[in-house]
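J.: Would you be able to build a 3D model of this:
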Amino acid sequence: MYTIGQVSEMFNLPISTLRYYDKEGLFPGMERQSGIRKFSERELEALRVIECLKKSGLEIKDIKQFMAWCVEGASTYPNRKELFETRKTIVEAEMVKLQKTLDMLKFKCWYYDTAIHDGNEERLNEMLPDKLPPDIQKLYDNAHK
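T.: Numbering: from 1, shown residues only. The predicted structure is shown next:
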């Protein structure tokens, strides 16, 4: 069992956030000793899922619905799976966008390293758009699709 302070440090979350989650019912069945919250491995796993869903863009009201489904039992497995499938698709799409951004940043770092080395952009302009080194060409192409 862990105290709220320990969990706050473990997850790098403010104590106020953990209290809010508890108030919102995201830790159903949490044990209390003399009114003090005691976090078990069950609450830690719930918190991992909550943080995952939050990072995927899900709002607290929808996370509450997920937690309610968990309490309801096996009949809600299809609902829960669908929620995770949807979040996975959204995160994968975001990763594609972020990869495109990262590729542009990598390309531009290479571009300016080369310009600094050469003292100008003449050679670079001759290589653009399709005569770049193969690894850089891949970055450029992905960043410009």
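J.: quick one: the residue nearest in space to the middle of the chain and residue 63, what's the gap?
T.: Nearest residue to the geometric centre of the chain (CA atoms, centre = their mean): residue 55, 4.0 Å. Shown here: residue 55 relative to residue 63, a distance of 11 Å by CB to CB, to the nearest Å. Any C-beta I mention is one placed from the backbone N, CA and C, and that applies to glycine too.
J.: for residue 39, same thing?
T.: For residue 39 relative to residue 63 (CB to CB), the value is 17 Å.
J.: which residues of the chain fall in strands?
T.: Counting by DSSP state E, the segments of the chain that form strands are 31-33, 36-38.
J.: Present the ones you listed as CSV; the columns should include mean neighbour count.
T.: As requested, the strands of the chain are arranged in CSV below (neighbours: other CB atoms under 10 Å):
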stretch, mean neighbour count
strand 31-33, 10
strand 36-38, 14
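J.: To residue 19, which of those strands lies closest?
T.: When the strands of the chain are ranked by proximity to residue 19, the top entry is strand 36-38, at 8.1 Å, counting by CB to CB.
J.: who's in contact with the closest one?
T.: Applying CB atoms under 8 Å, 6 or more residues apart in numbering, the external contacts of strand 36-38 come out as 1-4, 18, 22, 30-32.
J.: tell me the domain boundaries of this structure?
T.: 1-72, 91-145 (automatic domain parsing).
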